[in-house]
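Asks: how would this look folded up:
(one chain, ligands or ions: 2)
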Amino acid sequence: MQISHNPLHLFIAIFLIFIVLENSANAETDGSKLFAINCAACHGDNGDGGIGIPLALPDFLTSVTDDYLFKTIRHGRPGRIMPAFQHLSDEQTHAIVKHIRSWVPKEVKIISQGATGNPEKGRDIFARNCARCHGPLGKGGAGTGINFTRLHHLPIVAPGLNNSGYLAAASDEIIRTTLLKGRRGTPMLPAAKMGLTSEDVDDVVSYIRSFEKELQSSADTATGPVKSTLFATSTDSFDETAEKIRRAISEKRLRIIRQHYLDDGLVAQGEENKKQLVIHFGNIQQINTLLTIDPRMGLFLPNRLTILEQDDGKVMVTAVNPLRFGTLFNNANLEHTSRELHKIYSAILKEVSE
Ligand code: HEC
Ligand code: HEC
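Replies: Ligands and ions are numbered 1, 2, ... in the order given. Down below sits the predicted model:
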C-alpha cells in the first residue's frame, strides 16, 4: 500500500480520527465511566465531595428522587460552579443517575403535596436560622469547599437555594424532607435540632418556593454576553507603551510581580520576540480573595497584561476580561471582585489609548 504524501489527505485522516474519537466519547453509556469523566473532579470518585458537595450521603440520597438528580444534572446551578450538562443525552444522564443511586439503593418514595405554608413567616424563620450559612438572600455560601490546607470533606459550602437550577429540580416535598432529615455528616441539621416545628418547616418551604418569581423577573432583565478580551491600541512606541503601563500599575498601588516575553521557554534563550511582553501584577489581598472564592482563578492570577507590536508597527495591549471570570467558572461569587478588577484594567488601558 502506498502512503499518500498529499497534506490534504493527511488533514482529512486526522479530521476523521477526531470525528471517531468525539463520537466514541459521545456514545459512552456506562454510568460509572460517565461519572468519572464528568463529575468526579468536583464530587470525588465515590461521591464523597470536594469542590462539589458530597453526593453519596445516605440522608441526601434518601431525600431526593431520581428525577431530582436528572434535572440537577440537566440544569446545573447557574452561578454556583455546578455546570449544566446539556450535551449529555437522556440515556447518558439516566446512566449517571443510576450510578449515583447504586451508592444508596433505597427507593425514595416522596408523597406529592405542595407547600401550603406562609412565605412571610418563612422569611423571618429563614433570616434567623438559615441565612448565616445559605446567605441572606438564599444565594448560597461563598467559596468552593476546597481550600489550600484541607482538600477534602469539610468545610462543605451551603448550596444556593435561591437558584433557578435548584428550584427547577426540587419539588416542595424534597425541600421539606431535606429540612426534616437534615444531612448527617454535614453542617446541615434537621429542623427539630434547629428548634423548628413542622409548621415552621412548611413556612420556610413556601418562602424558598417564592424565590422563583424573583428569579424570573431578574432573568427578564439579564444583559447580553460580555466580550472575552479587553484591548487597546497605543499611539506610542512599544517601549513607551510598556513604560506607561508599568507606571499606571504602580499609580494604582499594585505590585508588578513578574515580566517575561510571551514566548519565554518556548524558544531558545535569547531568541524570544522582544516585542511581545507579558506583565504580571496585582494586589496580594485581592489575589487571595479571588483564590479563596475559587482556587481555579489561579489560572488567571496574578493579573496580566500583554503588550504586542504587530507587523505593521502598531502596539496593542490585551488582557482577559475579568467580567468573564464569573461566567467562565459559573461562580457568581467572583462577580464583585471581577467588577473591581475590570475597573482597574480599563483605567490602565485608558492610559495608553489616549
Ligand atoms: C450551619 C450551616 C447551615 C445552616 C444553619 C442551614 N444549612 Fe442548609 N445546608 C447546609 C449545608 C452545608 C448543606 C449541604 C449539605 C450536603 O452536603 O448535602 C445544606 C443543604 C441544604 C438544603 C439542600 C440543598 C440542595 O442543594 O440539596 C436545603 C434545602 C437547606 N440546606 C435548607 C436550609 C434551611 C431552610 C435552613 C434554615 C432552616 C438551613 N438550611 C440551615 C448548611 C446549613
Ligand atoms: C466544576 C465542579 C462540578 C462539576 C464538574 C459537577 N458538579 Fe455537581 N455540584 C457542584 C457544586 C459546587 C454543587 C453545589 C452547588 C451550590 O453550592 O449551590 C453541586 C451540586 C450538585 C448536586 C446537588 C446536590 C444536593 O445536595 O442537592 C448534584 C445532584 C450534583 N451536583 C451532581 C453532579 C453530577 C452528576 C455531575 C456530573 C454529571 C456534577 N454534579 C458535576 C460542582 C460540580
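Asks: Quick check: pLDDT value at L21.
Replies: What the model reports for L21 is a pLDDT of 45.
Asks: when you give positions from now on, start the count at 877
Replies: Got it, first residue is 877 now, which makes that one L897.
Asks: How is this structure divided into domains?
Replies: Per automatic domain parsing, the structural domains of the chain span 900-1096, 1105-1229.
Asks: Next to ligand 1, which bits of the stretch 877-1026 of the chain? Give me the list.
Replies: Contact residues, the stretch 877-1026 of the chain versus ligand 1 (CB under 6 Å from any ligand atom): I929, P930, L933, F936, N1005, C1006, R1008, C1009, H1010. Where you see a C-beta, it was placed from the backbone N, CA and C, and this is true even at glycine.
Asks: can you put these in a markdown table and add distance to ligand 2?
Replies: Output for those, formatted as a markdown table (distance: CB to the nearest ligand atom, whole Å):
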| residue | distance to ligand 2 |
| --- | --- |
| I929 | 5 |
| P930 | 8 |
| L933 | 8 |
| F936 | 5 |
| N1005 | 18 |
| C1006 | 14 |
| R1008 | 15 |
| C1009 | 11 |
| H1010 | 9 |
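Asks: Which of the helices and strands in this protein ranks last by mean pLDDT?
Replies: When the helices and strands of the chain are scored by mean pLDDT, DSSP states H and E, helix 883-902 comes last with a mean of 46.
Asks: Secondary structure element for K1219, which one?
Replies: helix 1211-1229 (DSSP states H and E).
Asks: which residues of the stretch 977-1126 of the chain fall in helices?
Replies: For the stretch 977-1126 of the chain, the helices defined by DSSP state H, counting those that start in this stretch cover 995-1005, 1007-1010, 1040-1045, 1048-1057, 1074-1096, 1114-1127.
Asks: among the ones you listed, which gets the worst mean confidence?
Replies: helix 1074-1096 (a mean of 88).
Asks: right, is that one up against ligand 1?
Replies: Yes - judged by CB under 6 Å from any ligand atom, helix 1074-1096 and ligand 1 are in contact via V1080.
Asks: now check that helix, is it near ligand 2?
Replies: No - contact of helix 1074-1096 with ligand 2 is not found when judged by CB under 6 Å from any ligand atom; the minimum separation is 12.9 Å.
Asks: That helix packs against which elements?
Replies: Counting contacts by 3 or more CB pairs under 8 Å, 6 or more residues apart in numbering; DSSP states H and E, helix 1074-1096 is packed against helix 995-1005, helix 1040-1045, helix 1048-1057.
Asks: Can you give the contact residues for it?
Replies: Applying CB atoms under 8 Å, 6 or more residues apart in numbering, the contact partners of helix 1074-1096 are 991-999, 1001-1002, 1006, 1014, 1037-1040, 1043, 1048, 1051-1052, 1055-1056, 1067, 1072.
Asks: What residues of that helix count as buried?
Replies: Buried residues in helix 1074-1096, counting neighbours by 16 or more other CB atoms under 10 Å, are found at D1076, V1077, D1078, D1079, V1080, V1081, S1082, Y1083, I1084, R1085, S1086, F1087.
Asks: which bits of the chain sit near ligand 2?
Replies: Within the chain, the positions adjacent to ligand 2 are 914-915, 917-919, 927-929, 931, 936, 945, 948-949, 953, 956-959, 961, 972, 1016, 1033, 1035-1036 by CB under 6 Å from any ligand atom.
Asks: What's the PyMOL line that selects buried ones from those?
Replies: Paste this into PyMOL to select the buried members of the residues of the chain next to ligand 2, with burial taken from 16+ other CB under 10 Å:
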select buried, resi 914+915+918+919+927+928+929+931+936+945+948+949+953+956+957+958+959+961+972+1016+1033+1035+1036
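Asks: Next step: the residues of the chain next to ligand 2 restricted to helices.
Replies: Members of these lying in helices (criterion: DSSP state H): N914, A917, C918, H919, F936, L945, T948, I949, I972.
Asks: Nearest to ligand 1 among these?
Replies: Nearest to ligand 1 among these: F936, at 4.9 Å, using CB to the nearest ligand atom.
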